[in-house]
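Asker: Next come a sequence and a model predicted from it.
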Amino acid sequence: MSKLYDGEELERQRALGRAEGLQQAHDDGSFDQGFLDGKLTGLAEGREAGFAEGLTLGAKDERARITAILTSDAARGREAAARHLAFETEMSAEQAIGALRTMVSSSSIGARQAGAIISHGR
């Protein structure tokens, strides 16, 4: 029986993540086309399942991040900025909330304007 993979081809297959177990199966005589087909199908299905799970977890994490930013105390009076940070940046919730805390809120601007009007009227 000739070698299944040798030299560069073996390295190429290893880089693709396909050689695991194939050389051993060839060496011990248990290799056949069904084994190869099953191994490659299993790898493809595993990658697809991992990708789908990653998308699901990523979406869940992103929704939690957006909710944390938009419902934080720091977002009160800074709703437009909170929406921008939540939807238009890749900042973590902690970073976005920290940034919101450094911004002047619309309610404090309103209070200052009201105070200025009252003090001018005196």
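Answerer: Noted; the coordinates are in hand. Small disclaimer: the values here were computed from a predicted structure and weren't measured. Numbering: from 1, shown residues only.
Asker: going on from the longest helix anywhere in the chain, what's the next piece of helix or strand?
Answerer: Secondary structure of the chain per DSSP state H: the longest helix is helix 33-70. As assigned by DSSP states H and E, the chain's next helix or strand after helix 33-70 is helix 79-88.
Asker: Go through that next one and flag the buried ones.
Answerer: Ala81, Ala82, Leu85, Ala86 (16 or more other C-beta atoms under 10 Å). Using the backbone N, CA and C atoms, a C-beta is placed for each residue, glycine as well.
Asker: name the helices or strands packed onto that helix?
Answerer: Contacts defined by 3 or more C-beta pairs under 8 Å, 6 or more residues apart in numbering; DSSP states H and E place helix 79-88 against helix 33-70, helix 93-101.
Asker: Same list (these) but as a markdown table, adding mean neighbour count.
Answerer: What follows is the helices and strands packed on helix 79-88, written out as a markdown table (neighbours: other C-beta atoms under 10 Å):
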| stretch | mean neighbour count |
| --- | --- |
| helix 33-70 | 12 |
| helix 93-101 | 17 |
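Asker: Which among the ones you listed is found nearest to Arg12?
Answerer: helix 33-70 (14.2 Å; C-beta to C-beta).
Asker: who does the closest one touch, helix- and strand-wise?
Answerer: Using 3+ C-beta pairs under 8 Å, 6+ apart, helix 33-70 is in contact with helix 22-27, helix 79-88, helix 93-101.
Asker: Put together a markdown table for those helices, with distance to Ala44 and mean pLDDT on each row.
Answerer: Formatted as a markdown table, the helices and strands packed on helix 33-70 follow (distance: least, C-beta to C-beta, whole Å; pLDDT from 0 to 100):
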| stretch | distance to Ala44 | mean pLDDT |
| --- | --- | --- |
| helix 22-27 | 15 | 62 |
| helix 79-88 | 35 | 96 |
| helix 93-101 | 35 | 97 |
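Asker: list the contacts for the nearest residue to Thr89 once chain neighbours are set aside?
Answerer: Closest residue in space to Thr89, ignoring its immediate chain neighbours: Ala96 at 6.9 Å, by C-beta to C-beta, 6 or more residues apart in numbering. By C-beta atoms under 8 Å, 6 or more residues apart in numbering, the residues touching Ala96 are Ile69, Ala82, Leu85, Ala86, Thr89.
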